[in-house]
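**Q** give me coordinates for this.
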Amino acid sequence: MRVVVALGGNALARRGEPMTAEFLRSNVKSTCESLANLARDNEVVITHGNGPQVGLLALQNLAYQDVAAYPLDILGAETQGMIGYVVQQELSNALNGEREVAGIITTTVVDENDPAFSRPTKLIGPTYSAHDAAEAAAEYRWTIAKDGSAFRRVVPSPNPISIVQAPLIRRLLEAGSLAVCVGGGGVPVREDSKGRHIGVQAVVDKDLASAALAADIGADTLILLTDGDYVSENWGTPEQRDIHTASVDAVAAMKFAEGSMQPKIDAAIRVGRAGGRTLIGPLDRLDDLLARRIGTEIVPALDEGIRWVEKAPAGKKA
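**A** Got it, this is the predicted structure:
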């Protein structure tokens, strides 16, 4: 089975933890140990986010004022190397060196006229109080948005068109290697009139870029690992219903939270349209997700449209 596994932020950094190298490695190590069985027997590509890390690097760049701060595309490439190195090493360690793991700096083609450039939405960097956010916005000319009860910097997040290195990644899989790539959605680039690639100032959504890669390499399955058990309708309300399996058309007709679940649904739709399936569920129960004991599966077609999770009788656990 050819699988793209997209690691959410919880696989790299827990909310509220300091963004230190020690916490990064500890979180990645436990994540890779969970992925080892899947990676041992399948063609696996690991992708990952970089929102907190790229924002932190941007702040560190601003603190050193003897030279101009590096642009966001170069910082994105830097986080791919930083995080990809740790994922590559810890996955190889979890597999006891049984399989070769290749880390690839990946670029993602976007449209320079994408409306996202005039409407920043991608959260990056650490969280701030309202007061500190206002000061940062004034000092650095950032756009700030709410993230739960706190505030964070937001940058443009254009739609990924294609992954430049997809043919290389396909060849690595066919040769028996595993790949770590599309870190932070890949470095966004535009094509000029001569077909050359030029970096742009944005951060591509990791789930959407992972879906683009899955379609480009003909993956059977995209796995989006989160800290939630299911995709839910009316999440957090008394009317909440959890989805076990759904067709692409059924979920395309539904609305989800823009900042969290909707990008995952959009990614699943892209994969489904290309003939693949998507699993969305908790990282710490990957085996149960693959066995369909938990999590949501989105498939190209399903006669009933949506199959809901049956509620357990009162007093019993699901």
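**Q** name the residues of the helix ranked longest in the chain that are buried.
**A** When the chain is scanned for its longest helix (criterion: DSSP state H), the result is helix 72-94. Residues of helix 72-94 classed as buried by neighbour count (16 or more other CB atoms under 10 Å): 72-73, 75-80, 82-84, 86-92, 94. Using the backbone N, CA and C atoms, a C-beta is placed for each residue, glycine as well.
**Q** just the helices in the stretch 201-318 of the chain please.
**A** 206-217, 248-252, 261-273, 286-290 (DSSP state H, counting those that start in this stretch).
**Q** can you tell me the helix or strand for A6?
**A** A6 is located in strand 2-7, with elements delineated by DSSP states H and E.
**Q** show me what the helix or strand that comes right after that strand is in contact with.
**A** Proceeding N to C from strand 2-7, the next assigned helix or strand is helix 21-41, under DSSP H and E. Contact partners of helix 21-41, identified using CB atoms under 8 Å, 6 or more residues apart in numbering, comprise 3, 5, 7, 11-14, 17, 44, 46, 53, 83, 86-87, 90-91, 93-95, 98-99, 178, 283-284, 286-287, 290.
**Q** could you do stretch 302-310 as well?
**A** By CB under 8 Å, 6+ apart, stretch 302-310 touches Y230, R241, D242, I243, H244, T245, A246, S247, D249, A250, V251, A318.
**Q** most packed of the helices of the stretch 201-318 of the chain?
**A** Of these, the one with the most neighbours on average (mean count of other CB atoms under 10 Å) is helix 206-217, at a mean of 27.
**Q** just checking, what packs against the lowest-mean-pLDDT helix or strand in the chain?
**A** Among the helices and strands of the chain, helix 51-63 carries the lowest confidence by mean pLDDT, DSSP states H and E, at a mean of 74. With contacts taken as 3 or more CB pairs under 8 Å, 6 or more residues apart in numbering; DSSP states H and E, helix 51-63 sits against helix 72-94, strand 122-128, strand 150-155.
**Q** can you mark which positions in it are buried?
**A** Here helix 51-63 shows G51, P52, Q53, V54, G55, L56, L57, A58, N61 as buried, counting by 16+ other CB under 10 Å.
**Q** now the residues you listed as TSV including distance to P126?
**A** Compiled in TSV, the buried residues of helix 51-63 are given as follows (distance: CB to CB, whole Å):
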residue	distance to P126
G51	10
P52	7
Q53	10
V54	11
G55	6
L56	7
L57	11
A58	10
N61	14
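**Q** out of those residues, which is nearest to A133?
**A** Nearest to A133 out of those is G55 (CB to CB; 12.5 Å).
**Q** ok, that closest one - contacts?
**A** Contacts of G55 (CB under 8 Å, 6+ apart): I124, G125, P126, R152, R153.
**Q** contacting residues around the second one?
**A** Spelled out, that is G125. By CB under 8 Å, 6+ apart, the neighbours of G125 are G51, P52, V54, G55, L56, A58, L59, R152, R153.
**Q** show me the two of these that sit farthest apart.
**A** G51 and L59 (13.0 Å).
**Q** nearest to G272 among the buried residues of helix 51-63?
**A** For these, the nearest to G272 is G51 (25.4 Å; CB to CB).
**Q** tell me the pLDDT of the residue sitting nearest the centre point of the chain.
**A** The centroid of the chain falls nearest to K206 when counting by CA atoms, centre = their mean (3.3 Å). In this prediction, K206 carries a pLDDT score of 92.
**Q** please apply the same query to T20.
**A** Reading off the model, T20 has pLDDT 84.
**Q** again with A267
**A** On the pLDDT scale, A267 is placed at 96.
**Q** didn't it look like it was pressed against T278?
**A** Yes - A267 lies in contact with T278 (CB atoms under 8 Å); the separation is 6.9 Å.
**Q** need the helices of the stretch 201-318 of the chain in CSV with distance to S34, can you?
**A** Putting these into CSV (distance: least, CB to CB, whole Å) gives the following:
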stretch, distance to S34
helix 206-217, 18
helix 248-252, 26
helix 261-273, 19
helix 286-290, 5
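**Q** that older thread, what about the longest helix of the chain, distance to the chain center?
**A** A distance of 14 Å separates the centroid of the chain from that of helix 72-94, by CA atoms, centre = their mean, to the nearest Å.
**Q** taking strand 150-155 as reference, get the angle to it.
**A** Comparing the axes of helix 72-94 and strand 150-155 via axes from the mean of the first three to the mean of the last three CA atoms, to 10 degrees yields an angle of 110 degrees.
**Q** so what strands line up beside whatever helix or strand comes next after helix 72-94?
**A** Following helix 72-94 in sequence order, the next helix or strand is strand 101-103 (DSSP H and E). Strand pairing for strand 101-103, using DSSP bridges, gives strand 178-180 (parallel).
**Q** good, we can wrap up now.
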